[in-house]
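Peer 1: Need a 3D model of the following:
(chains A and B, ligands or ions: 2)
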Amino acid sequence: MMGNPDMVDVAASADRRDSLAARAEFVRERANWMRRRLLKMIVDAGQGHPGGDLSSADIVACLYFDILRIDPKVPAAPGRDRFVLSKGHCTGVLYTALAGRGFFPEAELDTYLKPESRLNGHPNRTYLPGIETNTGPLGHGLPVGVGVAVAGQIDEAGYRVFVLTGDGELQEGSMWEAAMFAGHRGLGNLTVIVDRNRLQQGARTEETNALEPLADKWRAFGWDVVEVDGHDHAALLAAFDDAAAARARPRVIIANTFKGQGVSFMRDQAGWHHGVPNAEQYAQAMAELEAEMSR
Amino acid sequence: MSAAAPAAAGTFDCRDAYVRAVEELAEGDDRIVAVVNDSVGSSKLGKFRDRFPARLINVGIAEQNMVGVGAGLANGGKIPFVSAASCFLSARALEQIKADCAYSQQNVKLCGISSGVAYGELGATHHSIEDIAWLRAIDKLTVIVPADPWETAAAVKAAAGHDGPVYIRISRMPVPALPRPEGATFAIGKAETLRDGGDVAIIANGTLVHRALDAAAALAAEGIAARVINMASVSPIDAEAIAAAAATGAIVTAEEGLAAGGLGGAVAEYCAEHHPVRVKRLGFPGFLPTGSPSWLMERYGLTAEGIAAAARDLVTAKSL
Ligand SMILES: Cc1ncc(C[n+]2csc(CCOP(=O)(O)OP(=O)(O)O)c2C)c(N)n1
Ligand SMILES: [Mg+2]
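Peer 2: Ligands and ions are numbered 1, 2, ... in the order given. Purely as a prediction, here's the structure:
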């Protein structure tokens, strides 16, 4: 399923009747495409956050190309599943996923950060369809996601709410205010995914303001906790599927990841939180990603 | 670049002057500490951390806690320089600034890094253009918007010597060093008249001051004498300087921030009450589209040409 990296099957989404292995393989190709496409965006724009984009590409690919019940033709359908990018600096994954699902033309990715582009450096719901809330300051997405989940609870709506947070982002007090309330309300329709790449902007989370024991913290707030390898598509899909079962508690998936995953010289490096590969580095990154795809 | 090198236009990032001043202060006074939110790099405090590791307090990504901790450090006898991107410092921790710093009168120095639209393409969440309007509304909080490296360093030192909370914008948009007379001094609450003129007055601060000087030079070539006032100290503000500006009969204000509520708002309020005169406020209208810092400045007329055009219009209107 190599394909032309610049061509995408509109509304392509895995068929959930397929086996888990087949779904995982479908998502793997999409995640690889997203990685290549977002690096091109960053190189063209001369700015971006490749580290956190690459750490979350597999998670976001699982959601957009398999799990989320969304329709690009009716982006604001009341019953849609919601995805909130709480770590709003990672627009690379969001924009490529939305374009890949046909929410806007893929060619528009080329306008990223250009004057008056709809593809701003942080997501803006008044510019683009498919975005639920404007993020960028860390610590905002979860409270908003909790609000959507409470609305769904009141209305007994069937939709699910997914919130992707950074791990450094969990140092914000607002995240725990929201977590406490979600636990209190027993929001079984809410799933948080922590991109546990162990790096924040300047250093490791544990050297800055330690999060561990992270699973225990969530449990103490009334959450159901699962830990997975955040680059294992089958494991991620299983965690998302399982969470769909009727539950009385919100679920957090602690996805163990590496910042810069997929590009050897970016992997697990704080220095690639934001930055732009030079021509040589870009060529190497693309070669590595292409090799990974044909493995 | 050596200190003696002549200043080329647009070559200074005021964060460098800021960190040098804080380090100098820290050398001579061990009460000086820096408090950050995972912002060591963006505040350029790496060297401070290496030199004074115990005096760099990184609370992680937690701005409300950061400002509260700053107030507590002040209570404990420290002089904290709280350094964070000005958008998050001023917006996220606004109530901590109000209650813990200003209302409690704690000796905290709040340094808003990369203010204005320095984060250009990152969008309205990362622009800090409301900060001056919000913060000048807070009683007993000093608010300073320096224009160049010299004034940044001078403001940092004045803040350290001032017993009380201070907010200082630390710009990273490149600016030239302003021409200044030998022995120039900086004082909180005191404006700097950089150019005399009786036809119109331009009151600017921060990154707009050098643009105002260029505008005045262009206007002079057309026979319009523009007075240029650098109003770095927004709160307290220099009422005498505004009165002198009003005496020209026309005022243009210019700032890297909202046109409403900030410096322009302060000048307009004062003039409406004491010296009714036409005031044209130059600044941003609100949430801004995607674009680079320089594109945004051009787009909204925050340029020498934009200032000159506004001044010209006011001078023409005066003679009608
Ligand atoms: C309120 C707020 N403070 C600071 C920042 C600046 N900032 C942007 S990304 C980032 C680090 C985020 O780390 P993490 O949440 O771990 O994200 P990831 O590693 O997935 O990129 C910081 C400090 C911000 N965007 N918002
Ligand atoms: Mg992280």
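
Peer 1: part of a helix, is residue B:50?
Peer 2: Yes. The assignment for residue B:50 (DSSP: H, G, I helix; E, B strand; the rest coil) places it in a helix.

Peer 1: can you count the residues close to the residue of the stretch 151-295 of chain A found nearest chain B?
Peer 2: Per C-beta to the nearest C-beta, residue A:209 is where the stretch 151-295 of chain A lies closest to chain B, at 3.1 Å. (C-beta placed from N, C-alpha, C; glycine too.) Around residue A:209 there are 19 other residues, counting by other C-beta atoms under 10 Å in any protein chain shown.

Peer 1: Then residue A:62?
Peer 2: Neighbours of residue A:62 (other C-beta under 10 Å): 30.

Peer 1: again, but for residue A:129
Peer 2: Around residue A:129 there are 14 residues (other C-beta under 10 Å).

Peer 1: Look up the closest residue to it, ignoring the ones flanking it.
Peer 2: residue A:75 (3.8 Å; C-beta to C-beta, 6 or more residues apart in numbering or on different chains).

Peer 1: Please apply the same query to residue B:31.
Peer 2: In space, residue B:31 is closest to residue B:79, 4.7 Å off (C-beta to C-beta, 6+ apart).

Peer 1: With residue A:96 instead?
Peer 2: residue A:34 (4.3 Å).

Peer 1: does that neighbour really touch residue A:94, like I thought?
Peer 2: No. At 9.8 Å, residue A:34 does not count as touching residue A:94 under the criterion of C-beta atoms under 8 Å.

Peer 1: which residues do those two both contact?
Peer 2: residue A:60 (C-beta atoms under 8 Å, 6 or more residues apart in numbering or on different chains).

Peer 1: Who has more neighbours out of the two?
Peer 2: In terms of neighbours (other C-beta under 10 Å), residue A:34 is the more surrounded of residue A:34 and residue A:94; the figures are 30 against 27.

Peer 1: show me what contacts the more buried one?
Peer 2: Counting by C-beta under 8 Å, 6+ apart, residue A:34 has contacts A:57, A:60-61, A:92-93, A:96-97, A:100.

Peer 1: what number of residues lie near the residue lying closest to residue A:269 once chain neighbours are set aside?
Peer 2: Computed as C-beta to C-beta, 6+ apart, the closest residue to residue A:269 that is not its neighbour in sequence is residue A:260, at 5.8 Å. Using other C-beta under 10 Å, residue A:260 is surrounded by 26 other residues.

Peer 1: Then the one 4 residues further on?
Peer 2: Counted by other C-beta under 10 Å, the residues lying close to residue A:264 total 11.

Peer 1: swap in residue B:318?
Peer 2: For residue B:318, using other C-beta under 10 Å, the count is 14.

Peer 1: where's it relative to residue B:11, distance?
Peer 2: For residue B:318, the distance to residue B:11 (C-beta to C-beta, to the nearest Å) stands at 37 Å.

Peer 1: With residue A:279 instead?
Peer 2: 27 Å.

Peer 1: Please spell out the PyMOL selection for the buried subset of the contacts of residue A:34.
Peer 2: For the buried members of the contacts of residue A:34, the matching PyMOL selection, counting by 16 or more other C-beta atoms under 10 Å in any protein chain shown, is:
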select buried, chain A and resi 57+60+61+92+93+96+97+100
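
Peer 1: Now flag whichever of the contacts of residue A:34 is closest to chain B.
Peer 2: The closest of the contacts of residue A:34 to chain B turns out to be residue A:92 (C-beta to the nearest C-beta; 13.4 Å).

Peer 1: returning to what we had before: can you give me the distance of the residue nearest to residue A:269 to residue A:166?
Peer 2: Applying C-beta to C-beta, the value for residue A:260 to residue A:166 is 14 Å.

Peer 1: can you pull out the helices in the stretch 201-320 of chain B?
Peer 2: For the stretch 201-320 of chain B, the helices defined by DSSP state H, counting those that start in this stretch occupy B:209-221, B:239-246, B:263-274, B:293-299, B:304-318.

Peer 1: Determine if any part of stretch A:184-198 is in contact with chain B.
Peer 2: No. Residues of stretch A:184-198 contacting chain B under C-beta under 8 Å from any C-beta of the partner chain: none, with a closest distance of 13.3 Å.

Peer 1: would you list every one of the helices in the stretch 1-150 of chain A?
Peer 2: Going by DSSP H, counting those that start in this stretch, the stretch 1-150 of chain A shows helices at A:20-45, A:50-62, A:91-100, A:141-155.

Peer 1: Report the angle between the shortest one and helix A:50-62.
Peer 2: To tie it back to what came earlier, the one meant is helix A:91-100. Orientation check (axes from the mean of the first three to the mean of the last three C-alpha atoms, to 10 degrees): helix A:91-100 against helix A:50-62 gives 30 degrees.

Peer 1: now for helix A:91-100, which elements pack on it?
Peer 2: Applying 3 or more C-beta pairs under 8 Å, 6 or more residues apart in numbering or on different chains; DSSP states H and E, we find helix A:91-100 packed against helix A:20-45, helix A:50-62, strand A:82-85.
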